[in-house]
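Peer 1: A structural model of the following input is requested.
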Amino acid sequence: MIRISLYFDGRRLDVNGCGRVRLMINNHSRTALLDTGVKVAPSQWDAPSKKIVRHPQRGNLNAWLGKLLIAAEDRTRELALSGAAKDMSVTDIAQDLKARLWGSGDTGPAHPFREYADKFVATKSGTTARTYRTMLNSLDRYDPKAAARDIGAFTAQWARKLDTWVTAEYSPTTRNTFLTNLAAIFHQAQRDGIIDTDPFADVRRKTVQTRKRSLSRDQFRELWFSEPQGRQERKALDLFKTSFLMIAANLVDISRMTEKSIVNGRIEYDRAKTGKHYSIAVVPELAPVLEPYRKGGKLFAPLTKGSYDSAASYLNSGLRRLAKRLGLPPVTFYWARHSWASFAAGLDIPVEVISSALGHSHGSAVTLIYIAIDLRKVDRAHRQVLDYVLGD
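Peer 2: Residues are numbered from 1 along each chain as shown. Here you go, the predicted model:
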């Protein structure tokens, strides 16, 4: 009887301390392993449940592995029912599964584009994952055969023709997002050693003037000191204030913060989107804003109920409604980040301090190895911005 299960192979960890998740195939006391392409740290694998845990993308990765396991089980069931499995060694079965699941030899492309792309998107979450899926669905409309084509078969000429179509179909901003996301998939395939050349190497993103999303000092103060109407607007304004007082922390990160995130008077957290570590001083203005929302160990409990996306949409709607009543632009939570940066720049705070506060890279990679921005400079800059915006 052929048995298939997921197995974490921790015998050889990579430079990041991660091992590979593999399909384990057992047949007549013989075993073979097939790599799934998924790598996690030993602490992120739960052997009893054969699930990924404590990983930012555990939901998407477990879904991908579950889909792969079901496909493998279906194929071995076919082999058993047809009688073919009786004369096959475990190595033969593994090769058959490899051909069916990933493609090899004359059975099809070695790396079908859509299969590879879906696995890549499974490492993303939320809005980012939805943006990638929208792009892939649009690509199907342009080139219905792209999904089944080997990822190494795409050429620079194909990429240029696609660029012409995307430019005619979409706005400049959407075009840039479309091509950037698609190119990211090919870049990853190049890093994985699957393809040698990048078909998008000569396709340039066009500079698009970003719409201003910062408030003037007077507009900001009007919003900050306004009197919200109803619970939705109150929560929205308090969350906007929370974000600004944490140097524009985004909603996902705020939703994950707990009492344990505060260490020695600082909020310590890793940004969900980039994994970059942040250390923000807890300013005196933050405690009274957070106090009504601290519950169950969470710093801002209302964001943790139900779907995060629906909660964020609900609160953004409340913020925009409040801003409209005040005669302000259609403010969203992202305006806290732009406004903080604009105020800091207006106060002549050095750009490298602003970049460090917002988590952006600045300078050359080599320079950054030797120069670390002093957190005290960031703390002083933040205090300077708050005193300028909120002070009399």
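Peer 1: what's the weakest-modelled helix or strand in the protein?
Peer 2: helix 365-370 (a mean of 38; mean pLDDT, DSSP states H and E).
Peer 1: could you point out which element follows it?
Peer 2: In the C-terminal direction, the helix or strand that comes right after helix 365-370 (DSSP states H and E) is helix 375-390.
Peer 1: show me the shaky parts of the stretch 101-250 of the chain.
Peer 2: Within the stretch 101-250 of the chain, the segments meeting pLDDT under 70 span 102-110, 205-212.
Peer 1: residue 112 is in contact with residue 146, isn't it?
Peer 2: No - contact criterion Cβ atoms under 8 Å: residue 112 and residue 146 do not qualify, at 9.7 Å. In short, each C-beta sits where N, CA and C put it, glycine included.
Peer 1: what about residue 292, how many neighbours?
Peer 2: If you count neighbours by other Cβ atoms under 10 Å, residue 292 ends up with 13.
Peer 1: wasn't it part of a strand?
Peer 2: No - residue assignment for residue 292, taken from DSSP: H, G, I helix; E, B strand; the rest coil, gives helix, which places it outside any strand.
Peer 1: which stretches in the stretch 151-300 of the chain count as helices?
Peer 2: With DSSP state H, counting those that start in this stretch applied, the stretch 151-300 of the chain shows helices at 156-169, 172-191, 217-224, 230-245, 251-256, 286-290, listed in chain order.
Peer 1: with respect to residue 89, which of the ones you listed lies nearest?
Peer 2: Among these, the nearest to residue 89 by Cβ to Cβ is helix 172-191 (31.6 Å).
Peer 1: tally of neighbours for residue 24?
Peer 2: Taking other Cβ under 10 Å as the neighbour definition, residue 24 ends up with a count of 17.
Peer 1: for residue 15, that is, sorry about that
Peer 2: Here the number of neighbours of residue 15 (other Cβ under 10 Å) works out to 5.
Peer 1: going forward, the N-terminal residue is numbered 26.
Peer 2: Let's use 26 as the start, then, which means that last one is residue 40.
Peer 1: quick check: which element contains it?
Peer 2: Short version: residue 40 belongs to no helix or strand, going by DSSP H and E.
Peer 1: which residues sit in contact with it?
Peer 2: When the contact criterion is Cβ atoms under 8 Å, 6 or more residues apart in numbering, residue 40 has no partners at all.
Peer 1: residue 26: which of the helices of the stretch 176-325 of the chain is closest?
Peer 2: Taking Cβ to Cβ as the criterion, helix 197-216 is the member of the helices of the stretch 176-325 of the chain that comes nearest to residue 26, at 36.6 Å.
Peer 1: give me the buried stretch members for that closest one, please.
Peer 2: Taking 16 or more other Cβ atoms under 10 Å as the neighbour-count basis, helix 197-216 is seen to contain the buried residues 199-204, 206-214.
Peer 1: give me the contacts around it.
Peer 2: 136, 141-142, 145, 156-157, 160, 163-164, 176-177, 179, 187-188, 191-192, 195, 220-225, 228, 230-231, 233.
Peer 1: dump it to PDB, restricted to CA.
Peer 2: Coordinates of the C-alpha atoms in helix 197-216 are reproduced here as PDB (Å, rounded to 0.1, in the frame of the first residue of the first chain):
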ATOM      1  CA  PRO A 197       0.300  54.300 -15.600                       C
ATOM      2  CA  THR A 198       0.100  53.400 -11.900                       C
ATOM      3  CA  THR A 199      -1.700  50.100 -12.500                       C
ATOM      4  CA  ARG A 200       0.600  49.300 -15.400                       C
ATOM      5  CA  ASN A 201       3.600  49.700 -13.100                       C
ATOM      6  CA  THR A 202       2.100  47.500 -10.400                       C
ATOM      7  CA  PHE A 203       1.100  44.900 -13.000                       C
ATOM      8  CA  LEU A 204       4.600  44.700 -14.500                       C
ATOM      9  CA  THR A 205       6.400  45.000 -11.100                       C
ATOM     10  CA  ASN A 206       4.500  42.000  -9.600                       C
ATOM     11  CA  LEU A 207       4.900  39.900 -12.700                       C
ATOM     12  CA  ALA A 208       8.600  40.600 -12.900                       C
ATOM     13  CA  ALA A 209       8.900  39.700  -9.200                       C
ATOM     14  CA  ILE A 210       7.800  36.100 -10.000                       C
ATOM     15  CA  PHE A 211      10.400  35.800 -12.700                       C
ATOM     16  CA  HIS A 212      13.100  37.300 -10.500                       C
ATOM     17  CA  GLN A 213      12.300  34.700  -7.900                       C
ATOM     18  CA  ALA A 214      12.500  32.000 -10.500                       C
ATOM     19  CA  GLN A 215      16.000  33.300 -11.400                       C
ATOM     20  CA  ARG A 216      17.100  33.300  -7.800                       C
END
